[in-house]
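Asker: Okay, structure incoming, though there's no sequence with it:
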């Protein structure tokens, strides 16, 4: 088993779903996607992938899950505390270890905007703008994201 820790910002994920049209069949209008998540091993000082082999033929169930419990109590809880604000989520997105590249691309500008730092949010959003302009991000999703972001959080200073 590979333990992950994640924090979800409802305000971020609901905007992305609304702007990009992310709808899952049978969706109950709630989203459970984490805004930032990572394998717990990347949160340790010796950062690296972490997984636990659970062999149910050896030891008791309690013994088998001790490593997983330590990951939660010793490592993940600290991550949850640190990421319990927009500033903390922004730091975690910048940390980047174990993140999918599009997670930062879509979520960091929005987290910064919700935190009230529109100038920095638009600087981060420029990465997506350039990727779209250069043809690296050609899916309509990014165009919808940019339109939604710029409508809700217009740039106040000329580029």
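Answerer: Thanks, I have it. Nothing here was measured: the structure is a model prediction, and the numbers come from that model.
Asker: For the most centrally placed residue in the chain, which non-adjacent residue is closest in space?
Answerer: Centroid-nearest residue in the chain: residue 36, 2.4 Å away (criterion: CA atoms, centre = their mean). Residue nearest to residue 36 in three dimensions, not counting chain neighbours: residue 92, with 4.4 Å by CB to CB, 6 or more residues apart in numbering. No exception for glycine: its C-beta is placed from N, CA and C like everyone else's.
Asker: pretty sure that neighbour belongs to a strand, no?
Answerer: No. Assigned with DSSP: H, G, I helix; E, B strand; the rest coil, residue 92 falls outside any strand and is helix.
Asker: before we move on, back to that, pretty sure the residue nearest to the centre of the chain sits against residue 106.
Answerer: No. In this structure, residue 36 is not within contact of residue 106 by CB atoms under 8 Å, at 11.4 Å.
Asker: Please state the offset of the one helix or strand residue 17 maps to from the chain centre?
Answerer: Secondary-structure element containing residue 17, defined by DSSP states H and E: helix 10-20. Here helix 10-20 is found 12 Å from its chain centre; the criterion is CA atoms, centre = their mean, to the nearest Å.
Asker: Stretch 73-80 too?
Answerer: Taking the mean of its C-alpha atoms, stretch 73-80 sits 16 Å from the chain's own mean (CA atoms, centre = their mean).
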